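Student: just coords:
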């Protein structure tokens, strides 16, 4: 869930398509015919494939729970690698690329999947591993390089191992030599096992308005103290008691989300010399053992101010459009909900971000323009709570005034749902609370956009970060 200073989003913004069967898209549609070498070896065939598609996450200090770099690494888990790639479970890319295409798609084609399988079936032949070059170093932060600034949470958060959700409000202050323009911001979780989501804004203090940006509480229990009381405890106000300017929803985090940078002139922020990131909600999921976290923000500077500021449209739970029917699931029920919104002005979309929790089963979003054409936005045939991406289109996607955005989400509250949090299943009702636990349910859709300009359909979004997906 993502909300700003006052719960507002920046945009005070029919025929239902049937869902396809909940099976992963098969790679056969990508390559109907191909040939494989008679002998498949790690050195010649598998290492380049794994290094390009698996190692970016499966290496020390990153999201993967184990390394997939060396022959030994991959051979030890070879059958699992074969099975999860056959099923389309890995590499993780929930969006159906037969429906819409995006930058940086993580997907294997049919030949690559068959190559892995043949290597396993032939007995894991190593080949000339001594001749292999050193594994390439994946680009830091999806191609942005090392950040110009890192802003750390003020102290370590100690999470008790009580198998409960924990919600905190915190600030991470910073001081710069001078005012500057910012190209991109990323939230970097220190403990990926427990950090579930973060809704982040930043405050900017006018010159001379705030003497000590570091004063105030470090963490606030968000379930006990909220709103003005929490902001007071964090000492966010100017020295005269007024509140500084705030940019809501400037940086957010969900499992699987990576930093996104757009071409120069699109998006970006202006940082005053003194400021602070405000984590209006930092949610830690249930964990059975005592653990700690110290997350931080990574910031990349820009040469000049953004020409076209990025804005956000939020539909569904806590958004501009209601969930229909109201989000409620009885035990054993599978049900589809919808939300829709009519654009009051023309926009050009860069990125879309679907969001549901553990009971999610499938997700579909499309737009119908006034002329009647249907524009695909995103389709996820098998929802996976653990991988929730922001999907960036390859080019700006213009949507004219009067376009209706349709969103459908199917939820599965049966005992057969492998992510079912309750045994036996319980009745689940959506809520507008700031503090949605992992076991609560949500149905949201976010669109990041700029105001429309003539020729936007030609504006390429690639070549900035991530792979093109070609």
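Tutor: Received, thanks. Everything quoted here is computed from the prediction, not taken from an experiment.
Student: beyond whichever strand or helix holds residue 396, next helix or strand please.
Tutor: Per DSSP states H and E: residue 396 is located in strand 391-399. Remark: after strand 391-399, the chain's next helix or strand is strand 404-412, criterion DSSP H and E.
Student: that following strand pairs with which strands?
Tutor: Applying DSSP bridges to the sheet, strand 404-412 is found paired with strand 334-342 (antiparallel), strand 360-368 (antiparallel).
Student: buried residues in it?
Tutor: Residues of strand 404-412 classed as buried: 405-412 (neighbour count, 16 or more other CB atoms under 10 Å). Placement of C-beta: from N, CA and C, glycine included.
Student: do stretch 82-98 as well
Tutor: Under the neighbour-count criterion of 16+ other CB under 10 Å, stretch 82-98 has 82, 85-86, 88, 90-96 buried.
Student: so what secondary structure elements neighbour the longest helix seen in the chain?
Tutor: In the chain, taking DSSP state H as the definition, the longest helix is helix 110-121. Contacts defined by 3 or more CB pairs under 8 Å, 6 or more residues apart in numbering; DSSP states H and E place helix 110-121 against helix 47-53, helix 78-86.
Student: could you point out which element follows it?
Tutor: Scanning onward from helix 110-121 (DSSP H and E), the first element met is strand 149-152.
Student: which strands or helices does that following strand pack on?
Tutor: strand 166-175, strand 296-302.
Student: just how off-centre is the last one within its chain?
Tutor: Offset of strand 296-302 from its chain centre (CA atoms, centre = their mean, to the nearest Å): 17 Å.
Student: low-scoring pLDDT stretches of the stretch 251-400 of the chain, where are they?
Tutor: Applying pLDDT under 70 to the stretch 251-400 of the chain flags the ranges 255-256.
Student: gap between residue 73 and residue 65?
Tutor: Per CB to CB, to the nearest Å, residue 73 is found 12 Å from residue 65.
Student: more neighbours: those two, which one.
Tutor: It is residue 73, of residue 73 and residue 65, that has more neighbours when counted by other CB atoms under 10 Å, with 18 against 9.
Student: residue 458 reaches residue 394, doesn't it?
Tutor: No - using CB atoms under 8 Å, residue 458 is not in contact with residue 394; the gap is 11.5 Å.
Student: more neighbours, these two?
Tutor: Between residue 458 and residue 394, counted using other CB under 10 Å, residue 394 has the larger neighbour count: 17 against 8.
Student: measure the more buried one to residue 455 for me?
Tutor: 16 Å.
Student: list the contacts for residue 237?
Tutor: Residue 237 sits next to 231, 243-244 when contact means CB atoms under 8 Å, 6 or more residues apart in numbering.
Student: which among these count as buried?
Tutor: Among these, those scoring as buried are 231, 244 (criterion: 16+ other CB under 10 Å).
Student: the contacts of residue 237 in helices, which ones?
Tutor: Among the contacts of residue 237, DSSP H puts residue 231 in helices.
Student: closest to residue 183 among the contacts of residue 237?
Tutor: Sorting those by how near they are to residue 183, with CB to CB, puts residue 244 at the top with 22.1 Å.
Student: distance check, that closest one against residue 231.
Tutor: According to CB to CB, residue 244 and residue 231 sit 11 Å apart.
Student: go on, residue 50?
Tutor: Taken as CB to CB, the span from residue 50 to residue 231 is 48 Å.
Student: could you count how many residues lie near the residue lying closest to residue 307 once chain neighbours are set aside?
Tutor: Nearest residue to residue 307 in three dimensions, chain neighbours excluded: residue 265, at 4.1 Å (CB to CB, 6 or more residues apart in numbering). Using other CB under 10 Å, residue 265 has 14 other residues around it.
Student: for residue 316, give its distance to residue 382.
Tutor: 20 Å.
Student: in terms of neighbours, single out the busier of the two.
Tutor: Just comparing residue 316 and residue 382: by other CB under 10 Å the higher neighbour count belongs to residue 316, 27 against 18.
Student: tell me the confidence at the residue lying closest to residue 218 once chain neighbours are set aside?
Tutor: The shortest distance from residue 218 to any non-neighbouring residue, by CB to CB, 6+ apart, is to residue 154 (4.4 Å). pLDDT recorded at residue 154 is 87.
Student: rewinding a little: now the strands paired with strand 404-412 in TSV, please, with extra columns for mean neighbour count.
Tutor: As requested, these are arranged in TSV below (neighbours: other CB atoms under 10 Å):
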stretch	mean neighbour count
strand 334-342	18
strand 360-368	22
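Student: on that earlier part again, switch the contacts of residue 237 over to a markdown table; also include pLDDT and distance to residue 332.
Tutor: What follows is these, written out as a markdown table (pLDDT from 0 to 100; distance: CB to CB, whole Å):
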| residue | pLDDT | distance to residue 332 |
| --- | --- | --- |
| 231 | 88 | 43 |
| 243 | 92 | 48 |
| 244 | 92 | 50 |
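Student: out of the contacts of residue 237, who's nearest residue 357?
Tutor: Comparing these against residue 357 with CB to CB places residue 231 closest, at 27.7 Å.
Student: and residue 33, which of the three is it?
Tutor: Look at residue 33: counting by DSSP: H, G, I helix; E, B strand; the rest coil, its state is coil.
Student: for residue 335, which of the helices and strands packed on strand 149-152 is the nearest?
Tutor: When the helices and strands packed on strand 149-152 are compared by CB to CB, strand 166-175 sits nearest residue 335, at 27.6 Å.
Student: what's the spacing between the closest one and its chain's center?
Tutor: For strand 166-175, the distance to the chain centre is 20 Å (CA atoms, centre = their mean).
Student: residue 367 and residue 399, how far apart?
Tutor: 6 Å.
Student: where do the contact lists of the two overlap?
Tutor: Shared contacts of residue 367 and residue 399, counting by CB under 8 Å, 6+ apart, come down to 375, 405.
Student: re the thing from before, deepest-packed of the helices and strands packed on strand 149-152, please.
Tutor: Counting by mean count of other CB atoms under 10 Å, strand 166-175 has the highest mean neighbour count of the helices and strands packed on strand 149-152, with a mean of 22.
Student: what mean pLDDT does that strand get?
Tutor: The model assigns strand 166-175 a mean pLDDT of 93.
Student: direction included, what does it pair up with?
Tutor: strand 219-221 (antiparallel), strand 274-284 (antiparallel).
Student: possible to save those as TSV with mean neighbour count and distance to residue 148?
Tutor: Shown next, in TSV, are the strands paired with strand 166-175 (neighbours: other CB atoms under 10 Å; distance: least, CB to CB, whole Å):
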stretch	mean neighbour count	distance to residue 148
strand 219-221	18	26
strand 274-284	25	15
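Student: of all the ones you listed, which one is nearest residue 203?
Tutor: That would be strand 274-284 among the strands paired with strand 166-175, by CB to CB, at 5.2 Å.
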